[in-house]
Structure formats: structure tokens, C-alpha cells
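Q: return atomic coordinates for the entry below.
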Amino acid sequence: MKAFRIKTHKVVHPFDEAARDLYVATKPVRQWQEDACVACGLSLTEINDLAQLPAEPGIVFFDDVFFTEMALRHFTADAMTVDEDIALAMPNSHAARATEPAGEVNRGEDGSFIFDIFALKSGRSFSSRDELQKACVPKVQKLKNAPLTVRVPDFNDGPGLVDVEITARLVAHIRHWVHLLRLSQMSVAVLLLDAFRREPSRIIRTKWRKRLGRPSDDLRNFIHPSAFVHPTAHIENSIISENCTVGPHSHIHSSVLGSAVNVGDHVRLMGCTLAEKVQVLRSSDIAYCAAMPGANLSSQKVQLSLFGRDVFLTSYAKILDAKLRGSVHIEYEGRLIDLKTSFLGGCVGHRSILGADTTLQAGRAIPCGVTVVGDPNHVISRVGKHEQGVILTTKRGILVPLPSVSPESCE
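A: Sure, this is the predicted structure:
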């Protein structure tokens, strides 16, 4: 069977880049699509629009749709059992709801989520995406209950963390940076399951050790032979790719590191995905974040945030990741959308620098190619001479005695 990928011009803010070229976890969306097609035995052809779609059976999808191999595999199997044109639909689940905000997803009468991946059998022609959506009958995949669960941020159902069933079937329309972040977070389980499928003996040995009451932590890690992991580092449920370096006393839990990632000493990573050549400086604490290639991260604590290519995050930059009252709102096409959750960090665009003494509101995004610094008036640039015991403060960068600052100048 053939697969046809239709080009779109969908650009995702703040990256000003096509959705297909942006990263989910350690590889771009287009690579996820291509890998899934190869694994399912589909020959992939790229076309510019629906007018170029040949009148023959095949799988058709747009390049701004993310899907995993297992989602495509089951949809392809479903397509072989019917004679009508169908669209891929997923049941109402935690994974589907995670990417619902700003996702522009059609909903079925049964509450299912309908995505722009189609299996065409009729050979008829279509002039628009809307026409294709209306003509195809939703085919809802049946999800099997996974025996394992993973603790992830509670995207929609309330504050805190929740235990959800691990699934290798993820599908989403890429419309917003939040989709990239949440897909990256959930793809940790997908990539771990894929790694286990490539080495099925690990599953047998894990179950055998569990039956004997023996530890099996080492079997749940996938560390490439070329990677260097310091003996004092602790790795748990993670993938460490080729040429990575993990420094002394670092703790990496439920994370995926792409090629040539460098993790300094005393770093803590929890639920993160880092693409190739990301640098994490010493003593950083990063949780449930995703970083695209070349990012340089240094933070005492950052959570639930997305970083573009070649971003530099300094140690004393702050990204708020919660609201004490109400829920976090995101900006999308000139309007604010309520995520109905109190927990979300921010986003930093490609090649931007977030300097010390800066604070980013939860749900906000820094554009590409900018440098953000703190208020220079708060930085001491002129000291002068002062008597001992005097209380000093800053006024326009000058160190002055506190009594000399008038109440009006502090407003």
C-alpha cells in the first residue's frame, strides 16, 4: 500500500517554522511520519496538494499531523477490513485530551477525536481538506488496557500529577507549542516501549526477575555503548543515545537523551526529552521539559517548558509553571485559550537567550532570536564610597544609602 503526505504551510508560533520540521522528543515530526510509514511497509510519496493525489487506494495524511508507528499500524490494519473511505479516530482518553486545546480536532458523536489521516478506497478526487474530512467515516481505534502506568502532569483533569496507562498510540494535529511539549512528554513511554519491542528478551528477563524478587532496574535502561555514564550517576527508566555524556552524581529518570547530549554533574532530569547536542549545565534541576537541538540549559528549577534550537537558559532565569488561582491561558492566533489546568511552564523560541533576573509568565512564549535581560536599574554598576553600617540600595544602577531614596522613586 502507498502513503501520500500532503504539504501544508502551517507555521507554529513562536518558532515561525513549519510543524513538520519541529521536534517531538528527539526527532522532527516529519521523521516520526516517515519512520512510521517504513515500519508499516508503506511507500511514502510527497505531494503539494490534493489535486496531485492519484486515483488509487492509499493512506493520505497532512504533514502537520503527528502520529506514532503503532497508531498508523492499527489504522492500516483497520483500512484493510473495510471498503469505504475512513478517517483515523481515537477514543476519549488522557492522551487525546492532552493535545485538544487549540488542536482544531473534530469530535465524533461518541466523544472520539477525529484526525486528518485517511484511508481512501473509492478513488474519488477531493478539492479541499474540509471535503476530505466530511467524506471519510471515522474509524475509532480500540485501545487495550496497558499493564503499566506512568505518572505525568495532569493536563486537563485537575492540579498535580496523575497515573495514566502507557500507550504507544499517539495522534495529534500540531497547532501550538503546547502540542509539541505534551507529545514530547508522552513520547517518553512510546520510545521506551519501542526499545523493549526491539529487544524482547528484556521483557522476559524483567518478568523473571520480578517473579524471583530480584531488582531489574538495569533492564529498564537503554544506554548506547558509545555513551559515557559516570559510575556515580543514577539512571532509571531512560534512554541514553550514542555519544552522550552523563556527569557525576546526576539523576536521570524517565527521560530520553538524543545523540551527543552532555549532562553535567549533579543534574536532575525527570520526564525530559533532549534532542541532539543539548547541553545541561551542572546542578540544574529540570522536570517534564523538552529541548530541541543545540539548546543550552542551566536552571535551579524549571518545569513543564519547551525550548527551541540553540536556546540559552541562564541559571537565574525563572519560568513560572503554576497559577495559584485560576488556570493557565495560552496565546493562540490573537486570543487567549483556557487550558483548564493550573500547571504549565513557558516556551523559548529558537536562538533566544533568557537572561538572569527575568521571569516568564506561565503559558507565555518568547519569540525567536531575541535576548531577554533583567531590569538594568537593579544591577549595581557604580558603588562609590560608603561608611560601615550604612544600609544601601540601588537607584538607577548606583549604590546609595537607603534613606536617600524617596518613596516616590520606589513607586
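Q: what about the longest helix out of those in the chain, average pLDDT?
A: Longest helix of the chain, by residue count under DSSP state H: helix 177-198. Helix 177-198 shows a mean pLDDT of 91.
Q: please compute how far that helix lies from its chain's middle.
A: Remark: helix 177-198 is offset 8 Å from the chain centroid, using C-alpha atoms, centre = their mean, to the nearest Å.
Q: swap in stretch 184-202?
A: Its chain's C-alpha centre lies 16 Å from the corresponding centre of stretch 184-202 when counted by C-alpha atoms, centre = their mean.
Q: skipping adjacent residues, who's closest to Thr371 in space?
A: Nearest residue to Thr371, sequence neighbours excluded (C-beta to C-beta, 6 or more residues apart in numbering): Ile353, at 4.4 Å. Where you see a C-beta, it was placed from the backbone N, CA and C, and this is true even at glycine.
Q: hmm, Val372 and that neighbour touching each other?
A: Yes. Ile353 lies in contact with Val372 (C-beta atoms under 8 Å); the separation is 6.8 Å.
Q: how about the residue nearest to Thr371, what does it touch?
A: Counting by C-beta atoms under 8 Å, 6 or more residues apart in numbering, Ile353 makes contact with Val311, Phe312, Thr314, Val370, Thr371, Val372.
Q: for His251, same thing?
A: Ala233, His234, Glu236, Val267, Arg268, Leu269.
Q: ranges for the helices of this structure?
A: Per DSSP H, the chain carries helices over the ranges 29-39, 69-79, 94-98, 129-135, 177-198, 200-212.
Q: residues near Glu331, how many?
A: 16 (other C-beta atoms under 10 Å).
Q: hey, what's it bridged with?
A: For Glu331, the beta-bridge partners are Leu336 (DSSP bridges).
Q: how about it, what does it touch?
A: Shown in contact with Glu331 (C-beta under 8 Å, 6+ apart): His13, Ile337, Gly363, Arg364, Ala365.
Q: from those residues, which shows the smallest pLDDT?
A: Lowest pLDDT among the contacts of Glu331: Ile337, with 89.
Q: isn't that one up against Ala102?
A: Yes. In this structure, Ile337 is within contact of Ala102 by C-beta under 8 Å, at 5.6 Å.
Q: who has more neighbours out of these two?
A: Neighbours per residue (other C-beta under 10 Å) separate Ile337 from Ala102, with Ala102 holding more: 19 against 16.
Q: wait, isn't the more buried one in contact with Leu336?
A: No. With contact defined as C-beta under 8 Å, Ala102 does not reach Leu336; the gap is 10.7 Å.
Q: which residues do the two both contact?
A: Common neighbours of Ala102 and Leu336 (criterion: C-beta under 8 Å, 6+ apart): Ile330.
Q: what's the ChimeraX syntax to select whichever of the contacts of His251 are buried?
A: With 16 or more other C-beta atoms under 10 Å as the burial test, the buried ones among those are selected in ChimeraX as follows:
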select :233,267,268,269
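Q: for stretch 242-257, buried residues please.
A: For stretch 242-257, using 16+ other C-beta under 10 Å, the buried residues are Asn243, Cys244, Thr245, Val246, Gly247, Ser250, His251, Ile252, Ser254, Ser255, Val256, Leu257.
Q: what's the closest of those residues to Arg129?
A: For the buried residues of stretch 242-257, the closest approach to Arg129 (C-beta to C-beta) belongs to Val256, at 32.4 Å.
Q: need the helices of the chain in TSV with mean neighbour count and distance to His9, can you?
A: Listed next are the helices of the chain as TSV, based on neighbours: other C-beta atoms under 10 Å; distance: least, C-beta to C-beta, whole Å:
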stretch	mean neighbour count	distance to His9
helix 29-39	19	14
helix 69-79	20	24
helix 94-98	22	25
helix 129-135	14	12
helix 177-198	22	17
helix 200-212	12	42
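Q: looking at these, which is closest to Leu50?
A: Among the helices of the chain, helix 129-135 comes nearest to Leu50, with 7.0 Å by C-beta to C-beta.
Q: what's the domain layout of the chain?
A: Residue ranges for the domains of the chain, per automatic domain parsing: 2-193, 222-372, 378-410.
Q: burial count for Lys385?
A: As a burial measure, Lys385 scores 5 neighbours (other C-beta under 10 Å).
Q: ok, now how distant is the closest residue to Gln141 other than its chain neighbours from Phe228?
A: Nearest residue to Gln141 in three dimensions, chain neighbours excluded: His74, at 5.4 Å (C-beta to C-beta, 6+ apart). His74 sits 38 Å away from Phe228, going by C-beta to C-beta, to the nearest Å.
Q: how about Gly271?
A: Relative to Phe228, Gly271 is positioned 23 Å away (C-beta to C-beta).
Q: if we can go back for a sec, from the buried residues of stretch 242-257, which single one is nearest Leu324?
A: Distance to Leu324 across the buried residues of stretch 242-257 (C-beta to C-beta) is lowest for Ser254, with 27.2 Å.
Q: residues in contact with that closest one?
A: For Ser254, the contacting residues are Val150, Val188, Glu236, Asn237, Ser238, Met270, Gly271, by C-beta under 8 Å, 6+ apart.
Q: okay, now Arg282: neighbour count?
A: Applying other C-beta under 10 Å, we find 15 residues neighbouring Arg282.
Q: ok, the residue lying closest to it once chain neighbours are set aside - how many residues close by?
A: Once flanking residues are discounted, Arg282 sits nearest to Gly264: 3.7 Å by C-beta to C-beta, 6+ apart. When neighbours are defined as other C-beta under 10 Å, Gly264 has 19 of them.
Q: what's the answer for Val400, then?
A: Neighbour count of Val400, defined by other C-beta under 10 Å: 16.
Q: what pLDDT does the model give it?
A: Confidence for Val400, expressed as pLDDT, is 89.
Q: quickly list what it is bridged to.
A: Thr393.
Q: can you give me the strands for the stretch 101-250 of the chain?
A: Assigned by DSSP state E, counting those that start in this stretch, the strands in the stretch 101-250 of the chain fall at 106-107, 113-120, 137-140, 149-153, 161-165, 171-173, 222-223, 228-229, 234-236, 239-240, 245-246.
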